[in-house]
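Novice: Fold the following for me, if possible:
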Amino acid sequence: MTFPGRFADQLLPDQLSRLSLSFLVDELVVRRGGVAANISFGLGRLGLRPLLVGAVGEDFGDYRSWLERAGVDTGSVHVSELAHTARFVCTTDQDQCQIASFYPGAMAEARQIELAPVAERAGGLDLVLISPNDPEAMLRHSQECRDRGFPFAADPSQQLTFLTGPQIRDLVEGADYLFSNEYEKGLLESKSGWSDAEVLDRVGVRVTTQGDRGVLIESAGSRPVAGIDGPLRLAVPVVPARHVADPTGVGDAFRAGFLSGLSWQLPLERAAQVGSLLATLVLETVGPQEYEVHPAELLDRFGDVYGREAADELAPHLAGAREVVPAG
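Specialist: You can find the predicted model right below:
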């Protein structure tokens, strides 16, 4: 929602202990989101068939239909009988100050989900991406991946603030991939008590997004992931944005593109380039799931930044991309 005034003008310093305010807003926009849904949506738009796993409320029906049309398998989503789907409600004033609330709702029931039935239904799992969710669910799923030998990626992101050091160590240990941005990388090391090198020793590949400076991919080479046979440090530049509309969901889009590249068995550098391309599409669009995927245009932009040879390597994989998703 948008408030056409300034929050600060409505606050009385001597009355803050009895604060009770109502703002008349002049805009209300409802957008679909959620980390797992955003990533799954991107994978689906690129022609893959990701399995979404999480907990929602009975109000999920329209959203389920939208995701299914985008190519997402929602058959393993748990539907709560008691709570609504998690949501974030935010009001922004003319100074870009915000008052917001996050309702976790059904998300707390994600800890009840077992991954083994998901794997059985799907005939196996290529990779389990454990993104920000109910902390107990994140820990349960990472441990189940280790116990059952499912390859997994750790993506604690926003939940790093709430996770303890031991929880972070339990989540990251043994991950094939670790995703974070620069700030989260430092926070993870600080709270876990592990150094940069110690983190690298415990995961296969660490992927750190660095905003407009691109992406850093690192590996100690101690684990057989993505064909790496030694230490690796690779910097991948971004695809320049034509304009900046909204950064919401940019990191999720990068993960979707990167994971698509892995699924297509592209080299790590190429996979990160695909991720950077999709991230830029989201940056140029208001909302994390409102961008369009037009293969010919994507290949032109990809080739302009990374070269025609790279675009030619990507082209066959974009043949199955879904250009249009019916509105709903």
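
Novice: all contacts plus neighbour counts: C-alpha atoms, from now on.
Specialist: Noted.

Novice: any idea how far A119 lies from T161?
Specialist: 30 Å (Cα to Cα, to the nearest Å).

Novice: which of these two has more neighbours?
Specialist: Between A119 and T161, A119 has the larger neighbour count (other Cα atoms under 10 Å), namely 16 against 12.

Novice: Contact partners for the more buried one?
Specialist: L125 (Cα atoms under 8 Å, 6 or more residues apart in numbering).

Novice: ok, now how distant is it from A253?
Specialist: Distance, A119 to A253, using Cα to Cα: 24 Å.

Novice: And the pLDDT for the closest residue in space to H84 that isn't next to it in sequence?
Specialist: Closest residue to H84 apart from its sequence neighbours, by Cα to Cα, 6 or more residues apart in numbering: G57 at 4.1 Å. In the predicted model, G57 carries a pLDDT score of 96.

Novice: phi, psi of the nearest residue to D134 once chain neighbours are set aside?
Specialist: Once flanking residues are discounted, D134 sits nearest to A108: 5.5 Å by Cα to Cα, 6+ apart. A108 adopts backbone torsions of phi -60, psi -20, taken as degrees, to the nearest 10.

Novice: tally of neighbours for A108?
Specialist: Look at A108: counted by other Cα under 10 Å, it has 19 neighbours.

Novice: and A235, which of the three is it?
Specialist: Secondary structure assignment for A235 (DSSP: H, G, I helix; E, B strand; the rest coil): strand.

Novice: Give the full set of residues in contact with it.
Specialist: Applying Cα under 8 Å, 6+ apart, we find A235 in contact with G214, V215, L216, I217.

Novice: Highest neighbour count among these?
Specialist: Within the contacts of A235, most neighbours by other Cα under 10 Å means V215, with 24 neighbours.

Novice: And the residue lying closest to that residue once chain neighbours are set aside, its phi and psi?
Specialist: Take V215 and drop its neighbours on the chain: the residue closest to it by Cα to Cα, 6+ apart is T209, 4.5 Å away. Backbone torsions for T209, taken as degrees, to the nearest 10, come to phi -80, psi 140.

Novice: wait, what's in contact with the most centrally placed residue in the chain?
Specialist: The centroid of the chain falls nearest to D252 when counting by Cα atoms, centre = their mean (2.9 Å). With contact set as Cα under 8 Å, 6+ apart, D252 has these partners: V35, N38, I39, A279.

Novice: what about the third one, neighbour count?
Specialist: What that stands for is I39. When neighbours are counted by other Cα under 10 Å, I39 registers 29.

Novice: same thing with the second one?
Specialist: Residue crowding around N38 was assessed by other Cα under 10 Å; the count is 22.

Novice: Phi first, then psi, for E27.
Specialist: The phi/psi pair for E27 (degrees, to the nearest 10) is phi -150, psi 140.

Novice: distance of it from Y177?
Specialist: E27 is 40 Å from Y177, by Cα to Cα.

Novice: just the helices in the stretch 1-150 of the chain please.
Specialist: 35-45, 61-69, 115-122, 135-148 (DSSP state H, counting those that start in this stretch).

Novice: what separates the shortest one from the chain centre, distance-wise?
Specialist: Using Cα atoms, centre = their mean, to the nearest Å, the distance from the centre of helix 115-122 to the centre of the chain it belongs to is 22 Å.

Novice: The longest one now?
Specialist: The chain centroid and the centroid of helix 135-148 are separated by 18 Å, computed with Cα atoms, centre = their mean.

Novice: And it, what does it pack against?
Specialist: For helix 135-148, the packing partners by 3 or more Cα pairs under 8 Å, 6 or more residues apart in numbering; DSSP states H and E come out as strand 128-130, strand 152-154, helix 165-172.
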